[in-house]
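Participant: Quick one: sequence and predicted model below, then my questions.
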Amino acid sequence: MLGRPNLYTAYRDEIQMLPTWTQKIAFLLFIAVLFLMPFDLPVVSHIPVIRFLGDAEWLRPMALVMVLAIAALGLNLLSGVAGQVSLGHAFFMGVGACAGVYLGGTSGETTWGHSLPIWIWLPGAGIAAALVGVIVSPVAVRLRGLYLAIVTLGLVFLGIHFGNTSWGRRIAGPPELGRPFQELDIRLWKEEKPLINVGDDGRWLWFDVSDSQKRYLFLLVFTILFAVLAKNLVRTRTGRALQAIRDRDIAAEVMGVPEFRYKLVAFAVSSFFAGVAGALFAALSQGVQARDFGLFLSVEFIAILLIGGAGTTSGALIGTFFVVMVPRFVESFTHWLDSADGGLTGALAGVVLTEGGDFGIINTAIQTPGWTLSVFDWNVVLFGALIVLFLIVEPLGIFGIWVRIRNYWKRWPFSY
Amino acid sequence: MVGAVGARLSTISLRGGAPVGFLVGVLVASLIFGAVQLANDPVLFFLTFMRSMGLGSTYALIALGFVLIFKATQTVNFAQGALAATGALFVSFLAVDGNIPFTNLSNPISALGGPGWLRWGLNVIVALAFAAAVGLVIERLAIRPMVGEPLFSVAVITLGLEIIFRVFNNDAVKAEFRQVGVPWLANGFKVGDVLINWSFIAAMITATVVFVAVYFFFRSRLGIAMRAVAFDQEAAMAQGVSVGRVFAVAWAAGAVLAAIGGIFATQPPVAQTLSVDQETANIAFRALPAVILGGLDSVSGALLGGLVVGIAEIYAGQYAAGNISWLGAGYPLIVPYIVMLIGLMVRPYGMFGTPEIQRV
């Protein structure tokens, strides 16, 4: 069907994940680039942005992107596909993290743990979160819209509180310190030497790989797995039922879609994703802290969906990249400005930066009391402003911008 | 099979049957418990009652801000907490620092003579005007462009605003304590040998005045316009109601109520510090259960929900401390959410909320 991109002669063709050959090739190339990104290679490392992201110091935030992307995919299934807006996603992530450290962490005087291998604690974290999701859903299914958002917001506060109780501390550790957690190493059982070592530098096949490269690749595999899973779920009977409920729940029920069952499934699956992401998050940050899973994280997920484009898998992925990486870009840009002297960059630094007192809005002093905020504070402001601006200016998010650009070139030289 | 059970579960009306019985059981049990405690130690019971009324009034004030904004714009303003802290900060700037907010100019009111409480009252009025202005600016810049957009988008915009405002509020309280300079300080009067803070009484009086004012407001021309907009935006517009003005009034009123609530959020029983800190903004999230329990669009629901939640929180904190140690320290803070969850199981739209009726 060359030249007729929107002509489908069979339903099978239309619901394909990547309907056209261009998309298939572009997707394969993209995956290949993602896998090769961390390495010094002859061709790939000369593409400027990609090599920049592949540098060791950028691999850590990229690993965080991978973890949060899994959770965002889960929220996308619940909020974007099934239309059940949840502000409690951080809570489910926290449940997953706690279940993960409970199963995989070491047992000590003040902590509970079973030191089990990853193939138990990772699914275990997901299943625990999914169970909590199923327990919560009978209340949640009866609520609509903002009532649901507020009740799920309540879950976040309940979760943080329970993380600070005497038994919660045994799982999540003391509130200020958190609790250490094992690396992502793959073991068969509790043996000393892991089957596949992800935590340290070493050799995989014929290549030298550093620990951050290993972690990145490991999480990349997981993210691709979950992205394919999420995308596939949308194409199935369940996915169509969820979309029917999103579009009009009463009409869906009249058509014979059992609303209660499918909302339950949506909650369970999205919590499963969140739980897995939470356990991976704990492993990545080498520990868990109850207050990490607060309202801010929930809002971050909502922002990821809205900025990326709600209801689309690629939107969730792009949104995660955007929300996690933009603050890092701003930070490193500030560092770069701060180190510049003289010339154009020096002048720019003089206008933008300040150490308190003189002109400028970003305070680079170590202590920043009062007005002129530090770059970290400005990043939070930027985050809030991005949410507001995207919703007002481009409600469909980055995915919407992409669709508009694509359609412009599709129809060129005609405007519609 | 699962589907059939699920469908049946979701169609059972929970109005009657087990949940209501459960609720009545809980109420009767707590009434008997309260009567026993009253007979045991009437002075302590009275103190607890006054504290719960003070907390409940504060919750009711914050909840009323939510309700007014929800009635006019059909959306929840998640930035209410940040607005509360901002309003309390305005009072602090004017009354304690003696500066006009956002400037270095000295506040002319502090140069006036007369009793201290009168000057403080004037300062509060000016601060509330500033808060109203902030509400108006938010409405004009961020909410008005979203008319006709999905309601959840507007709610998320307010979440974004909350994050932005919080940064600036936390920045203002990072280095120093920001007292709000209430004239009654931490004083109170003694009943028997227990101290009852004046702030409890002040919160109750303020809540009474505000709710009476809102009652009469809804009988004024503008109030009727607001009810019309809440009922049907397009029809109201067709009748010549200026929806934009209704939005603006609701946001200004919401910001003012948030600021009043913010002042009381620095006082006992909510906080003991008498100053604005990073916790002050959380008062709105603590008051959300009151709003939901009462019903998002009901003024009387806000009052009753606030009082019920306040009573539940304080009484649970006072009398249940020894029995539920597994809930951990500080468990009164989550009591409102538990009350909310139980309430929602019985009535999904709160006690007085209007059920949403959908067309297929």
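Facilitator: That came through fine.

Participant: count of neighbours near the closest residue to residue A:118 other than its chain neighbours?
Facilitator: Nearest in space to residue A:118, with sequence neighbours left out and distances taken as Cβ to Cβ, 6 or more residues apart in numbering or on different chains, is residue A:186 at 5.5 Å. Using the backbone N, CA and C atoms, a C-beta is placed for each residue, glycine as well. Around residue A:186 there are 15 other residues, counting by other Cβ atoms under 10 Å in any protein chain shown.

Participant: Relative to chain B, how far out is residue A:186?
Facilitator: Using Cβ to the nearest Cβ, to the nearest Å, one obtains 35 Å as the distance from residue A:186 to chain B.

Participant: again with residue A:337
Facilitator: Taken as Cβ to the nearest Cβ, the span from residue A:337 to chain B is 21 Å.

Participant: quick one: what helix or strand has the closest residue to that residue other than its chain neighbours in it?
Facilitator: Nearest non-adjacent residue to residue A:337, counting by Cβ to Cβ, 6+ apart: residue A:349, 4.3 Å away. According to DSSP states H and E, residue A:349 maps onto helix A:343-352.

Participant: secondary structure class for residue A:311?
Facilitator: Per DSSP: H, G, I helix; E, B strand; the rest coil, the secondary structure class of residue A:311 is coil.

Participant: Quick check: the residue nearest to residue A:118 touching residue A:121?
Facilitator: No: between residue A:186 and residue A:121 there is no contact under Cβ atoms under 8 Å: 11.4 Å.

Participant: So which bits of the host helix or strand of residue B:123 are buried?
Facilitator: Using DSSP H and E, residue B:123 falls within helix B:116-138. Residues of helix B:116-138 classed as buried: B:119-120, B:122-124, B:126-128, B:130-132, B:134-136, B:138 (neighbour count, 16 or more other Cβ atoms under 10 Å in any protein chain shown).

Participant: do stretch A:62-74 as well
Facilitator: Neighbour counts over stretch A:62-74 (16+ other Cβ under 10 Å) mark A:62-74 as buried.

Participant: out of these, who's nearest chain B?
Facilitator: The shortest approach to chain B among the buried residues of stretch A:62-74 belongs to residue A:72, at 14.9 Å (Cβ to the nearest Cβ).

Participant: rewinding a little: how near is the residue nearest to residue A:337 to residue A:335?
Facilitator: 11 Å (Cβ to Cβ, to the nearest Å).

Participant: Ramachandran coordinates for residue A:204?
Facilitator: Backbone torsions of residue A:204, given as degrees, to the nearest 10, read phi -120, psi 120.

Participant: Relative to residue A:40, how far out is it?
Facilitator: To residue A:40, residue A:204 is 15 Å away according to Cβ to Cβ.

Participant: For chain B, name the helix or strand with the lowest mean pLDDT.
Facilitator: Of all helical and strand segments in chain B, the minimum by mean pLDDT, DSSP states H and E falls on helix B:2-11, at a mean of 43.

Participant: which is the next helix or strand following that helix?
Facilitator: Counting by DSSP H and E, what follows helix B:2-11 is helix B:18-40.

Participant: List the contacts of that next one.
Facilitator: B:14, B:44-45, B:315, B:319, B:342, B:345-346 (Cβ atoms under 8 Å, 6 or more residues apart in numbering or on different chains).

Participant: switch the cut-off to 6 Å
Facilitator: Contact with helix B:18-40 is made by B:45, B:345-346, as judged by Cβ atoms under 6 Å, 6 or more residues apart in numbering or on different chains.

Participant: any idea which of these is the one closest to chain A?
Facilitator: residue B:345 (6.0 Å).

Participant: now the closest one, what's its secondary structure?
Facilitator: Judged by three-state DSSP, the three-state class of residue B:345 is helix.
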